[in-house]
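Colleague: what's the 3D shape of this:
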Amino acid sequence: MNIHFIAIGGSAMHNLAIALHNKGQNVTGSDDAIHEPSKSRLAAKNLLPKSFGWFPNKITNKIDAVILGMHAKPDNTELLRAQELDLKIYSYPEFLYAQSKDKIRVVIGGSHGKTTITAMILHVLHYHKKEVDYMVGAQLTGFDTMVHLTQDNKYMLLEGDEYLSSPIDRRPKFHLYKPHIALISGVAWDHINVFPTFDNYLEQFKIFVDSILPNGTIIYNNEDENVKNIVAESTNDLYKIPYQTPKHFIDKGITYLKTPQGDVALAVFGNHNLQNLAGAKCICAQMGLDETAFYKAIAHFKGADKRLQKIAENDSTAIFKDFAHAPSKVIATTNAVKTQYKERRLLACLELHTYSSLNPIFLKQYQHALDAADEAVVFYAPKALAIKQLASISISEIKEAFNRTDLKVFTDPKAFSAYLFEQNLKNTALLLMSSGNYGGLDFKRLCKLV
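Modeller: Residues are numbered from 1 along each chain as shown. As a prediction, the model looks like this:
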C-alpha cells in the first residue's frame, strides 16, 4: 500500500509510520515542524520529509490511504487535496482499528495511568516472549517502536486516549477501538478546551464502556468513585472485574509487594503505580498469564519514559522526571515521591504547559496539589498563553489556586534554571513534572550535580 501521513512528526504518528514501513508498506509524510526524537527516528528509516511544510502535489490518486494527525488543521492544503480526490482518509485510531478488526482488542483507558499500565502489560508479555500487536504512548527500553502491527498476532493492545481523533473527527480516540477487553484506571477532569464541564468529560468514559463488545470484559479501579459509578450504571452486557491497591510495604527506599509467592521487590513505587500494577495483572490474566508469571516479570519493570523516570541518583539525592500535568497526576506523583523518601526534602517543580492547566477556570482544580512537597515551585511561560490564545494569568492567581503561600512562581526560563542550579540537593528528592521542558532546561547539566 501507498500510505501518506499528514503530520508525520507527532509522537504517535511517527511510531505508526515506522511500524508500517517495517511491515513493508510504502510510507510518505509531511509536517511543518518535526522535533526530536521523532526527527532522528524518521531519518533513520529514510522517512523524514526532505522539506518541512504542506505540499498538496504530494497527494495523488496513487495513494491508497491518508492518515491524518491532530496537529494538522481542517484547512490543511494536503487534506483539502485528499478530500478533493476522494481518497480514503483515516484518523490515527481509525487506522489502528482497521488493522486490528480481526484481532482481540485490549484497550487501556483512564485520565491517568493508562500509559504505564499499557507499558506494564507489554513488558510482562515481552518478558515471557508472548507476541502481540500494540500501541503505547511512551518509549520503552528494548522496543524499537511503540507501534507494532502484524498479520498473525491474536491480540492488539491499545492505549486508549480520550482526546480527539483528528481535526475532522471530533470523537475521542478510545471510542473507535470497540474493545473485547477494556480497563479504566481512573477519571479526573482534563482537556477543558474540548470537554468544558466535568459531566461532559465523564460522558466520554460512559460511551467507552458502552463501546465494549457484548460479553466483553471491563476491568476497573474499584478505589475510584467515578469509575465505580460508570461501571455500575452501564447496561452493557459485560463481565466486570474490579481491582485495588495491592498489599505492600516500603523498606530502605524499595517497595515490596506481598504475594502468595513471597515478597516481590519492585523498581517502581507509589500507590498510583501499585494500582496500575494491579490493573495490569488483571489484563495479563485475561491474556493467559498467571500470577506467578506476572510477578516474575513485573519485578524487572523500570517504568515508561517520563513516568516517574529516575534520571539521576546518588546516596543522598534522586532526580525524577515525570509527565504529570493534570491535578490528579500531580497529587499522585508528588505524594508517591514523598512517601518513598520520607527522610528527604522534596522539592517539587511543576510546569503549567497544557491548555487546561493554563485556563483560569481549570486552574482552581490544582488546590493543594503540591501540599506533599516540602518546597513547591510552579513555572509557566507567558508566551505559551499567547500561542494558545489564552488570557494572561498573574502570579497571585497561581498562588491562590494552589492555596500555598510559600509557593515559588517563575515565568522566566533563565530565572527558573538559575534557581535550580543554586539549590543544594543533598538529602533531596527533586521532582520535575511537565509535558514540556521548562523553556529549555538543561536536564543533562542538572544531572551532573548529583
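Colleague: please enumerate the helices of the stretch 351-450 of the chain.
Modeller: Counting by DSSP state H, counting those that start in this stretch, the segments of the stretch 351-450 of the chain that form helices are 382-387, 395-402, 413-421, 443-447.
Colleague: correction: the chain
Modeller: 11-22, 38-44, 77-84, 92-100, 114-127, 198-211, 225-233, 271-286, 291-298, 327-340, 382-387, 395-402, 413-421, 443-447 (DSSP state H).
Colleague: contact partners of the longest one?
Modeller: Applying Cβ atoms under 8 Å, 6 or more residues apart in numbering, the set of residues contacting helix 271-286 from outside is 106, 108, 112-113, 116-117, 120-121, 124-125, 181, 183, 185-186, 217, 219, 221, 223, 241, 243-246, 248, 255, 257, 266, 268, 291, 293-294, 298, 303, 308, 332-333, 335-336, 339. In this view, the C-beta of every residue, glycine as well, is placed from N, C-alpha and C.
Colleague: quick one: contacts for residue 103?
Modeller: With contact set as Cβ under 8 Å, 6+ apart, residue 103 has these partners: 133, 153-156.
Colleague: about what we covered before: which of the helices of the chain sits most buried?
Modeller: Highest mean neighbour count of these: helix 114-127, a mean of 26 (counted as mean count of other Cβ atoms under 10 Å).
Colleague: packing partners of it?
Modeller: strand 104-109, strand 155-160, helix 271-286, helix 291-298 (3 or more Cβ pairs under 8 Å, 6 or more residues apart in numbering; DSSP states H and E).
Colleague: any chance of those in TSV, plus distance to residue 196?
Modeller: Formatted as TSV, the helices and strands packed on helix 114-127 follow (distance: least, Cβ to Cβ, whole Å):
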stretch	distance to residue 196
strand 104-109	20
strand 155-160	22
helix 271-286	26
helix 291-298	39
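Colleague: among these, which is nearest residue 409?
Modeller: Across the helices and strands packed on helix 114-127, residue 409 has its closest neighbour in helix 271-286 (26.0 Å, Cβ to Cβ).
Colleague: quick one: mean pLDDT over that closest one.
Modeller: Confidence over helix 271-286 (mean pLDDT, whole number) is 97.
Colleague: quick revisit: among the helices of the stretch 351-450 of the chain, which comes closest to residue 84?
Modeller: Closest among the helices of the stretch 351-450 of the chain, once you apply Cβ to Cβ, is helix 382-387, at 30.6 Å.
Colleague: buried residues, stretch 434-445. List them.
Modeller: By neighbour count on 16 or more other Cβ atoms under 10 Å, the buried set for stretch 434-445 is 434-436, 438-439, 441.
Colleague: which of those sits closest to residue 207?
Modeller: residue 435 (25.3 Å).
Colleague: surely that closest one and residue 321 touch.
Modeller: No. With contact defined as Cβ atoms under 8 Å, residue 435 does not reach residue 321; the gap is 11.1 Å.
Colleague: before we move on, the earlier item: in TSV: the helices of the chain, plus distance to residue 360.
Modeller: TSV is the format used below for these (distance: least, Cβ to Cβ, whole Å):
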stretch	distance to residue 360
helix 11-22	28
helix 38-44	32
helix 77-84	33
helix 92-100	31
helix 114-127	28
helix 198-211	17
helix 225-233	24
helix 271-286	27
helix 291-298	41
helix 327-340	14
helix 382-387	10
helix 395-402	7
helix 413-421	21
helix 443-447	30
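Colleague: compare the helices and strands packed on helix 114-127 and give me the one nearest residue 430.
Modeller: helix 271-286 (18.8 Å).
Colleague: what is the orientation angle of the closest one with helix 291-298?
Modeller: 130 degrees (axes from the mean of the first three to the mean of the last three Cα atoms, to 10 degrees).
Colleague: chain neighbours aside, what residue packs nearest to residue 445?
Modeller: In this structure, residue 445 finds its nearest non-sequential neighbour in residue 421, 7.7 Å apart by Cβ to Cβ, 6 or more residues apart in numbering.
Colleague: any idea how far residue 274 is from residue 339?
Modeller: Distance, residue 339 to residue 274, using Cβ to Cβ, to the nearest Å: 11 Å.
Colleague: let me fix that: residue 97
Modeller: From residue 97 over to residue 274 the distance is 32 Å, taken as Cβ to Cβ.
Colleague: give me the distance between the closest residue to residue 429 other than its chain neighbours and residue 374.
Modeller: Leaving aside its sequence neighbours, residue 429 sits nearest to residue 341 (Cβ to Cβ, 6+ apart; 4.3 Å). Distance of residue 341 to residue 374, computed by Cβ to Cβ: 10 Å.
Colleague: okay, these two: which has more neighbours?
Modeller: Taking neighbours as other Cβ atoms under 10 Å, residue 341 and residue 374 compare with residue 341 leading, 20 against 13.
Colleague: do you know the pLDDT at the more buried one?
Modeller: Predicted confidence (pLDDT) for residue 341: 92.
Colleague: now do the one 5 residues further on
Modeller: Residue 346 carries a pLDDT value of 98.
Colleague: bridged to it, which residues?
Modeller: Per DSSP bridges, the residues bridged to residue 346 are residue 429.
Colleague: so what's the residue count around it?
Modeller: Neighbour count for residue 346, taken as other Cβ under 10 Å: 22.
Colleague: that one reaches residue 433, doesn't it?
Modeller: No. Using Cβ under 8 Å, residue 346 is not in contact with residue 433; the gap is 11.9 Å.
Colleague: and for those two, which residues touch both?
Modeller: Joint contacts of residue 346 and residue 433 (Cβ under 8 Å, 6+ apart) are residue 334.
Colleague: low pLDDT regions in the stretch 151-300 of the chain?
Modeller: The stretch 151-300 of the chain contains no residues with pLDDT under 70.
Colleague: ok, the most centrally placed residue in the chain to residue 150 distance?
Modeller: The chain has residue 115 as the residue nearest its centroid, 4.6 Å off, counting by Cα atoms, centre = their mean. Distance, residue 115 to residue 150, using Cβ to Cβ: 22 Å.
Colleague: picking that back up, and which of the buried residues of stretch 434-445 is nearest residue 408?
Modeller: Nearest member of those to residue 408, counting by Cβ to Cβ, is residue 438, at 13.3 Å.
Colleague: phi, psi for the closest one please.
Modeller: Per-residue torsions, residue 438: phi 60, psi 40 (degrees, to the nearest 10).
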